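*Asks:* Return atomic coordinates for the entry below.
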Amino acid sequence: MKKDLLYALCCLSFAIVIGGAVYEHLSVVPRWAAAPPVSLTMFQGPYGLNAALFWKNIHPVNLLLFTATLILHWRSERRRPLLVVVASYMAILVVTAIYFVPELLRITSAPYAPTPDPELTKSALLWERLSLVRLGVLVVLSLVLFLGLTKGGQRQVPAHSQSKIREALPA
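*Replies:* This is a model prediction of the structure:
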């Protein structure tokens, strides 16, 4: 029961990541990517948007939940979907740290100018497209994770042990 609850919390936390990404792609990214540096005012000044606060907190929570869930479900049918999602999520986080975050910071920290910069706009649109691909992968991974809820959370008995148990049972 507690293992199932932890798996469900892991799914919820991963869904929150996707919800945050969907929100940003619907509401925030199209605005700042439209015509930088003119469109970057939402990031400037003392009341500028600080989305990093959300992302810096949710990813460690997810990794912690994934680790605990994987440990508790290591000998269950849920291990495989968990391993696929954890490995892919970690790869996405590495790519995010190497490309997405530095490129986002480069674009959004451009000084204000009254006219759009074509090169910066081109970079912003590429970043947005690639980020949508990343989001699509996360959605597929969430489906894999949620489908793990349909798997038995109980410990698996190896096939060779099952045959020994059947032999020991009276006919």
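
*Asks:* What segments of the chain are helices?
*Replies:* Using DSSP state H, the helices of the chain run over 2-23, 29-33, 52-72, 79-95, 101-108, 118-147, 159-168.

*Asks:* possible to save the ones you listed as JSON lines with distance to Leu40, mean pLDDT and mean neighbour count?
*Replies:* In short, each C-beta sits where N, CA and C put it, glycine included. JSON lines is the format used below for the helices of the chain (distance: least, C-beta to C-beta, whole Å; pLDDT from 0 to 100; neighbours: other C-beta atoms under 10 Å):
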{"stretch": "helix 2-23", "distance to Leu40": "19", "mean pLDDT": "96", "mean neighbour count": "16"}
{"stretch": "helix 29-33", "distance to Leu40": "6", "mean pLDDT": "96", "mean neighbour count": "18"}
{"stretch": "helix 52-72", "distance to Leu40": "15", "mean pLDDT": "96", "mean neighbour count": "15"}
{"stretch": "helix 79-95", "distance to Leu40": "24", "mean pLDDT": "97", "mean neighbour count": "16"}
{"stretch": "helix 101-108", "distance to Leu40": "6", "mean pLDDT": "96", "mean neighbour count": "16"}
{"stretch": "helix 118-147", "distance to Leu40": "9", "mean pLDDT": "97", "mean neighbour count": "15"}
{"stretch": "helix 159-168", "distance to Leu40": "59", "mean pLDDT": "58", "mean neighbour count": "9"}
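
*Asks:* For Gly45, which of these is the nearest?
*Replies:* With C-beta to C-beta as the measure, helix 101-108 is the member of the helices of the chain nearest Gly45 (12.9 Å).

*Asks:* That closest one to helix 118-147, inter-axis angle?
*Replies:* Angle of helix 101-108 versus helix 118-147, following axes from the mean of the first three to the mean of the last three C-alpha atoms, to 10 degrees, is 140 degrees.

*Asks:* Helix 101-108 packs against which elements?
*Replies:* helix 118-147 (3 or more C-beta pairs under 8 Å, 6 or more residues apart in numbering; DSSP states H and E).

*Asks:* helices and strands around the helix it packs on, which ones?
*Replies:* helix 2-23, helix 29-33, helix 79-95, helix 101-108.

*Asks:* Throw those into a markdown table and include distance to Pro116, thanks.
*Replies:* Formatted as a markdown table, those follow (distance: least, C-beta to C-beta, whole Å):
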| stretch | distance to Pro116 |
| --- | --- |
| helix 2-23 | 25 |
| helix 29-33 | 11 |
| helix 79-95 | 28 |
| helix 101-108 | 12 |
